[in-house]
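**Student:** build me a model from this:
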Amino acid sequence: MMSDWAEREFGSDVFDPTEYTHKVLAAPPPGSAASEDISQLIGRLTLAVDDVAGQIRSLVVAHHEALLSQAANVSGMEGLLSSVRQGINELTQSLDRLRLKVHVPYQTLAGLFSQLQKLRQAADVLRRTSRFVSIARRLEIQMKEIDSGVSNSTSSKSLPSGNSRESIDSTAPGPGAGTEDGNAKERAVARAALSVAELSSLLETPTPPHVPINGSAEKTESEQAFIPLDKINVVARLVPTLDASRKRINEEMESMIMEGLASLNQSVLAAALQTAFNLRIMPGIVQSLLVDLTEAVDARIKSAFDVSRIAKEISGNDPPPQPTGLMYRSRVRTAPTNLTAPQWTNALWARLEQMIEEMAGCCIKVYNLEKVLKYKKDPSSQTSFLDEAMIVLENRPITTFWSALARSLDKHSKEATKASTFLQQTLSTGYPRFLRLFHDLFAKIAMHTDTIYTSNQQSPETVIVLRSVSAFEQLYLSRSTARMNETIATAVRQSPPGAPEGLAISRTIVNELDSARFDPLLVKSVAKNVGGALELLVSRTDTLIVRDRSATSLVGPLGTAQQALNAQIFTMLHTCWARLNKLEGEFHEGVTSSLKPPIKKIERQCEGISEPLLSAIRRDLGLILSRMHRVDFSKSFEAMAPGMGGGASAYMKELTAKLGFLRNEVFSKFSVAEVVQDWIISVAKNVIRTFVLNASIIKPLGEAGKLQLTSDMTELEFTLGSFVADPSRRTGSLDILGDDYRVLRALRPLLFLDTALLSSPDDTYSLPPLIILHHIIVRSPYPLPHTLHTWTEAEYVRWIEDHTPREALTLVEACVPKWEAHSTENNSTEEDWVTLVKAVLRRAVSA
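**Tutor:** Residues are numbered from 1 along each chain as shown. Next up is the predicted model:
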């Protein structure tokens, strides 16, 4: 075994004998106590070598079979490796031969390809140069046509071209030689523009497209070798002519555009736009035109609202030149005095009218421009001019123009009103006149545009423009509302208010609506403010109305102060309502829809005053008439005292006094004759109905009672004749009471009619079936319906008034079985009253 030292020194995987030798030689010199003798080291090295040799022998002995097999395998591999080496040598020789066969043709092809590229470049330059010179000659001819103004049709045929666009003659439509001659110059300009555009495209260096990373190198080299035509001498000499022609064509195009816009000649404008399209500058030209028109309108609007210019115009002094030395200069007055206010106002309106004129002119130009852009297409590519212009425009030209106009109006009007109270006051108080100027604007452009501004429809552009001056509208509306509210406050402050105040309120409101009638949007805004003013009127009068018992007390002999106050308030409200209620036929539905609710509130306010009073009157009169049942009408002729039947009953005298009180003390306080007359007629009809109902259920009724009842009827007719008499018409005929009066007249003969004729329609045609039934039952031994139901006469009459005639007949019909049972129990041999009742009921049901 190897010693530990030898194994550590020589058994390491990184042992290097050369390095170990140098290490030993570099050891310290002899004589050192710690150094070893070289011989000892050599001896130790020899021992180590022997030890290693012994180990190798032992390993060889142990693995001699494996070593022998490996040696045999190595001998076999030498043969294989020699055959592989031979194949590699043959392959190398083949590659050398193949390289010789490819390299020489490649070099030849490379040279030929280089020559071909140069020939192609030369051919391309010659082709473009020839094309340039040919188009330049054609342009020269076209420019002569422009100068002469006569179109030579052969000029376009002298040089055929795939991009020459001979169909451009359609720029100015319309057959006939006269039309062609008139548009010859415009067509020549368009053709020349197309030639200039083609020449410019030939001079331009093409923009290299994106080439893939692995793209062909030949394509990149050909692009890099592009030769611009301006380096060719013959072309370079023609470039100044091209520039001059382009300048001349641009001038002609601008002149045509100005002419087309000024004269609204769409043919000329279309030719100019076709020229711009051929020059590839049409979107920019359209954008520039819009900018120029909007700037012109903006400058005119600014000038119209410039108070300093108005002051200079009034003073008649032009702006003086700037002085070179020091001198006193008075400050220009920016507000009028009391003496100069009319002049300032007239000057302002004159400037605004001029502003509207110029706005209309610019607007019509923009509409014509857009119309041409919309319908015009390039004859060759069929490209819509409007689509082409929208490349640089955000919106349609007319939309852009209206938006810019509205912004300018809003900006300059607000700035001017902030700086001048005169301008603010004049335009706010005279807003209707200012608004009429815009109506004139819409009317002027309506023939050229599709602008609509009516009560039913408003175009968006009109609404946008009017919103730009909404500040003046708000000031005008606030002043209008203040005028209406002031009139209402003044009217309510009167003690008490009456018809003059109501008339003043209605006149103020109607005047405000009439002032705004011409504008559908303004009148709607005023109508909304009118609604607010009427709401104020209702709320203010609501606090003045008296609603306690004193307002409906009918004790007499004089009316109460509360009734007089309510009558005056009613008069004011009704006078105002009567005029405002007529507005429905004077204004369109959009306005009346805003006015109806507040006007209806005024009507309900009037009803809130009149209905409680009329209800109290009906109730009081009904109570008086119910007292007829306290009178004994059952007496016969024999029992009638001498002189009886010649005068009215006590209840009738009381009724006469009450009706006189109502007419003289209650209704006379209301200064609305037509309404009072309607109330009187309504009260009179109610008195007749109540009297007839009460008279029809008087039971028992004797002959003397019939005479007394007849006297009461006569007195009632006389009283009602005086009650319903209209002083203005000087007539007191009761025929105005209609069917109710005819029923009263028919009741008198009914009292004395034979029983057998009570069911005859010819003898009782004017009477309601219920009255006939009552009279039949009064004559019969049967109890009346209210007796069967244990009601009083007044309760029964009130029940009939609260129900329909059909329900009243049903109530009577329900009593028939009881009457039949009564006849059976008493074995009555008298007239068949039930048959009469059934006959009348059948006739009433079938009617």
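**Student:** so residue 648: helix, strand or coil?
**Tutor:** Three-state assignment for residue 648 (DSSP: H, G, I helix; E, B strand; the rest coil): coil.
**Student:** skipping adjacent residues, who's closest to it in space?
**Tutor:** Spatial nearest neighbour of residue 648, excluding adjacent residues (C-beta to C-beta, 6 or more residues apart in numbering): residue 715 at 3.8 Å. Glycine gets a C-beta too; all of them are placed from N, C-alpha and C.
**Student:** now residue 296
**Tutor:** residue 362 (6.2 Å).
**Student:** C-terminal to the strand or helix carrying the one you found, what's the next element?
**Tutor:** Residue 362 belongs to helix 341-375 when assigned by DSSP states H and E. Toward the C-terminal end, the helix or strand that comes next after helix 341-375 (DSSP H and E) is helix 385-389.
**Student:** mean confidence score for that next one?
**Tutor:** Across helix 385-389, the average pLDDT comes to 84.
**Student:** now do the buried residues in the helix or strand that that helix is followed by.
**Tutor:** Where DSSP H and E defines the elements, the next helix or strand beyond helix 385-389 is helix 397-419. Within helix 397-419, the residues that qualify as buried are 397-406, 408-410, 412-414, 416-417, counting by 16 or more other C-beta atoms under 10 Å.
**Student:** distance check, the closest residue to residue 282 other than its chain neighbours against residue 373.
**Tutor:** With C-beta to C-beta, 6+ apart as the criterion, residue 282 has its nearest non-adjacent residue at 4.0 Å, and that residue is residue 276. Distance, residue 276 to residue 373, by C-beta to C-beta, to the nearest Å: 11 Å.
**Student:** where does the stretch 701-847 of the chain have low pLDDT?
**Tutor:** 727-732, 825-831, 847 (pLDDT under 70).
**Student:** go with 90
**Tutor:** 701-705, 725-739, 749-767, 775-776, 779-783, 786-789, 813-847 (pLDDT under 90).
**Student:** which stretches of the stretch 551-700 of the chain form helices?
**Tutor:** 561-580, 589-625, 650-661, 673-696 (DSSP state H, counting those that start in this stretch).
**Student:** report the angle between the helix holding residue 362 and helix 397-419.
**Tutor:** Interaxial angle, helix 341-375 versus helix 397-419 (axes from the mean of the first three to the mean of the last three C-alpha atoms, to 10 degrees): 160 degrees.
**Student:** quick one: distance of helix 341-375 to the chain centre.
**Tutor:** Centre-to-centre, helix 341-375 and its host chain are 25 Å apart (C-alpha atoms, centre = their mean, to the nearest Å).
**Student:** could you do stretch 498-517 as well?
**Tutor:** That offset, for stretch 498-517, works out to 31 Å (C-alpha atoms, centre = their mean).
**Student:** got the angle between the host helix or strand of residue 797 and helix 673-696?
**Tutor:** Per DSSP H and E, residue 797 falls inside helix 793-802. Helix 793-802 runs at 130 degrees relative to helix 673-696, counting by the same axes, to 10 degrees.
**Student:** can you tell me which helix in the chain is longest?
**Tutor:** The helix that spans the most residues within the chain, counting by DSSP state H, is helix 64-148.
**Student:** quick check: which helices or strands does that one pack against?
**Tutor:** With contacts taken as 3 or more C-beta pairs under 8 Å, 6 or more residues apart in numbering; DSSP states H and E, helix 64-148 sits against helix 184-203, helix 217-224, helix 233-263.
**Student:** going by neighbour count, list what's buried in the helix holding residue 797.
**Tutor:** Quick answer for helix 793-802 (16+ other C-beta under 10 Å): 793, 794, 796, 797, 798, 799, 800.
**Student:** quick check: residue 99 vs residue 106, distance?
**Tutor:** 10 Å.
**Student:** can you report how many residues neighbour residue 808?
**Tutor:** A count of nearby residues for residue 808, using other C-beta atoms under 10 Å, gives 22.
**Student:** any buried residues in stretch 84-99, and which?
**Tutor:** Under 16+ other C-beta under 10 Å, stretch 84-99 has no buried positions.
**Student:** oh sorry, the question was meant for stretch 666-677
**Tutor:** So, applying 16+ other C-beta under 10 Å, buried residues of stretch 666-677: 666, 667, 669, 670, 671, 672, 675, 676, 677.
**Student:** do stretch 587-599 as well
**Tutor:** Under the neighbour-count criterion of 16+ other C-beta under 10 Å, stretch 587-599 has 587, 591, 594, 595, 596, 598, 599 buried.
**Student:** pLDDT averaged over it, what's the number?
**Tutor:** The average pLDDT within stretch 587-599 is 90.
**Student:** perfect, that will be all.
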